[in-house]
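# Following is a predicted model, sequence given first.
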Amino acid sequence: MDWNVMQNFLSNIVFGLLLSTTIIYWMNLSFFKLKTVSQIGKLSIIIANLLLFFILCSRWIIAGYFPLSNLYESLLFLTWTLLTIYLYIEVKTKSKLIGAIIIPATLVINGFANLTLSADMQKSSPLVPALQSNWLMMHVSMMMLSYATLIIGSLLSILFLVISRNQDVDLKILDDSSLPLYNIMFNYYETKYFSKSNEVSELGKLKLLQSLDNWSYRIIGLGFPLLTIGIVAGGIWANQAWGSYWSWDPKETWALITWIVFATYLHARITKGWQGKKTALLGGIGFFVIWICYLGVNFLGKGLHSYGWLS
């Protein structure tokens with residue numbers, strides 16, 4: 001069987017698994033809660049993750065280079081990274097709430113890759129001279145890993161704003177030393193919150209919000225150094241390829257804007273002690289900035305990063 005046909009078949013299976021998991025997680029939060037169904041959802045995520053890993057590794061072996069040379073491959077890699085990070089978070093928090101926002105995001109990304117991009121854009125092709133460098137793996141993989149982690153952290157910030165209804169919430173009244181307990185109780189309070197019952201207390205809601213705030217901070221704190229490494233590696237690669245570390249093309253400019261937004265987020269938390277709504281707003285802004293940097297500027301078809309994308 002032709003590899004492209006097989007790959008398309010496996011990608012469609014991933015899309016189906018993500019669609020079914022999205023439905024399961026949304027049902028789990030609303031009205032239909034069965035442990036067996038939830039386990040099926042988690043198993044579907046694991047299978048989808050393994051299939052994506054197989055597709056990426058196969059493309060690497062067949063094409064002979066790291067599979068991040070075009071938009072389709074980067075979308076698959078982004079989906080795989082998002083699912084991997086989420087599986088770790090679910091193990092730690094036992095939370096289906098976080099999955100209810102991350103899994104739909106992966107569904108949209110995977111659907112865009114498989115249903116929108118043409119068959120020609122999905123095929124592996126020989127690398128253009130500028131991409132024939134060992135820096136390809138270093139620069140692009142770091143950028144995609146940073147996008148994935150920052151997207152998740154930003155989504156949690158947006159979820160914080162939704163649950164708090166964009167109100168100022170004083171999280172400092174809670175004892176920080178009990179944060180591990182809050183993570184253990186994450187699933188309990190989210191279940192009470194979405195059950196529409198009166199059993200959830202104001203303190204319980206605060207614990208849920210603090211868990212979201214804490215996890216958002218952790219994940220963005222991980223994504224920011226990855227973004228920094230990716231930008232630095234890109235600068236070194238650009239100097240080798242074009243004789244200049246920085247050219248101010250649209251992708252580079254928006255990468256710098258993304259870096260500034262999340263640097264501001266971390267600076268506000270570490271030095272100013274910001275929590276809750278203020279940092280959640282910064283994280284929410286960062287979500288849209290990431291997508292402009294990753295996809296938005298590619299629709300322009302201009303700059304040194306236009307090859308292999310939407311040009």
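Okay, I see it.

# When you work out contacts or count neighbours from here on, use the C-alpha atoms and nothing else.
Noted.

# Run through the helices of the stretch 1-150 of the chain in chain order.
Counting by DSSP state H, counting those that start in this stretch, the stretch 1-150 of the chain has these helices, from start to end: 3-30, 35-63, 71-93, 99-111, 119-122, 135-163.

# Pick the most buried one from the ones you listed.
helix 135-163 (a mean of 23; mean count of other CA atoms under 10 Å).

# how does the protein divide up, domain by domain?
Domain assignment for the chain, taken from automatic domain parsing, gives 1-119, 139-311.

# Mean pLDDT lowest where, among those domains?
The minimum mean pLDDT among the domains of the chain belongs to domain 139-311 (a mean of 79).

# which residue sits closest to residue 274 in space, ignoring its chain neighbours?
Of all residues not flanking residue 274 in the chain, residue 268 sits nearest, at 5.6 Å (CA to CA, 6 or more residues apart in numbering).

# Can you give me the distance of the one you found to residue 209?
18 Å (CA to CA, to the nearest Å).

# Can you pick out the residue with more neighbours from those two?
Counted by other CA atoms under 10 Å, residue 268 and residue 209 do not tie: residue 209 has more neighbours, with 26 against 16.

# Run through the neighbouring helices and strands of the helix or strand encompassing the more buried one.
Per DSSP states H and E: residue 209 is located in helix 202-242. Judged by 3 or more CA pairs under 8 Å, 6 or more residues apart in numbering; DSSP states H and E, the packing partners of helix 202-242 are helix 135-163, helix 179-184, helix 186-194, helix 250-270.

# Nearest approach to residue 28 belongs to which of these?
Of all the helices and strands packed on helix 202-242, it is helix 186-194 that lies closest to residue 28, at 8.9 Å by CA to CA.

# Just want the phi and psi numbers for residue 248.
Main-chain dihedrals, residue 248, degrees, to the nearest 10: phi 60, psi 40.

# how many neighbours does it have?
13.

# Kindly report the same for the one 4 residues further on.
Look at residue 252: counted by other CA under 10 Å, it has 20 neighbours.

# ditto for residue 210
Counted by other CA under 10 Å, the residues lying close to residue 210 total 25.

# repeat for the one 5 residues further on
Neighbour count of residue 215, defined by other CA under 10 Å: 19.

# cool, and residue 236?
Neighbours of residue 236 using other CA under 10 Å come to 16.

# ok, back up a step: could you export the domains of the chain as JSON lines, including distance to residue 132?
Formatted as JSON lines, the domains of the chain follow (distance: least, CA to CA, whole Å):
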{"stretch": "domain 1-119", "distance to residue 132": "9"}
{"stretch": "domain 139-311", "distance to residue 132": "10"}
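
# which residue is nearest the centroid of this protein?
residue 148 (3.0 Å; CA atoms, centre = their mean).

# who touches the closest residue to that residue other than its chain neighbours in this structure?
In space, and not counting its chain neighbours, residue 148 is closest to residue 82: 5.5 Å by CA to CA, 6+ apart. Listed by CA atoms under 8 Å, 6 or more residues apart in numbering, the contact set of residue 82 reads 102, 106, 148, 149, 152.

# can I assume the first one is in contact with residue 151?
No - Residue 102 lies out of contact with residue 151 (CA atoms under 8 Å); the separation is 9.0 Å.

# right, and residue 279 touches residue 267 too?
No - under the criterion of CA under 8 Å, residue 279 makes no contact with residue 267, lying 10.1 Å away.

# Compare these two and say which one has the larger neighbour count.
Neighbours per residue (other CA under 10 Å) separate residue 279 from residue 267, with residue 279 holding more: 23 against 13.

# Would you list the phi and psi of the more buried one?
phi -70, psi -30.

# Report the separation between it and residue 54.
Using CA to CA, residue 279 is found at 37 Å from residue 54.

# One more: residue 287?
The spacing between residue 287 and residue 54, counted by CA to CA, is 28 Å.

# for residue 244, same thing?
Residue 244 is 37 Å from residue 54, by CA to CA.

# Next: residue 271.
Counting by CA to CA - residue 271 and residue 54 are separated by 43 Å.

# Next one: residue 24 from residue 145, what distance?
For residue 24, the distance to residue 145 equals 27 Å [CA to CA].

# And residue 211, by the same measure?
Taking CA to CA, one finds residue 211 at 23 Å from residue 145.

# sorry, back to before: could I get the helices and strands packed on helix 202-242 in JSON lines, plus columns for distance to residue 39?
Converted to JSON lines, these look like this (distance: least, CA to CA, whole Å):
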{"stretch": "helix 135-163", "distance to residue 39": "22"}
{"stretch": "helix 179-184", "distance to residue 39": "18"}
{"stretch": "helix 186-194", "distance to residue 39": "15"}
{"stretch": "helix 250-270", "distance to residue 39": "35"}
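
# Select, out of those helices, the one closest to residue 71.
Between residue 71 and the helices and strands packed on helix 202-242, the tightest spacing by CA to CA is seen for helix 135-163, at 11.4 Å.
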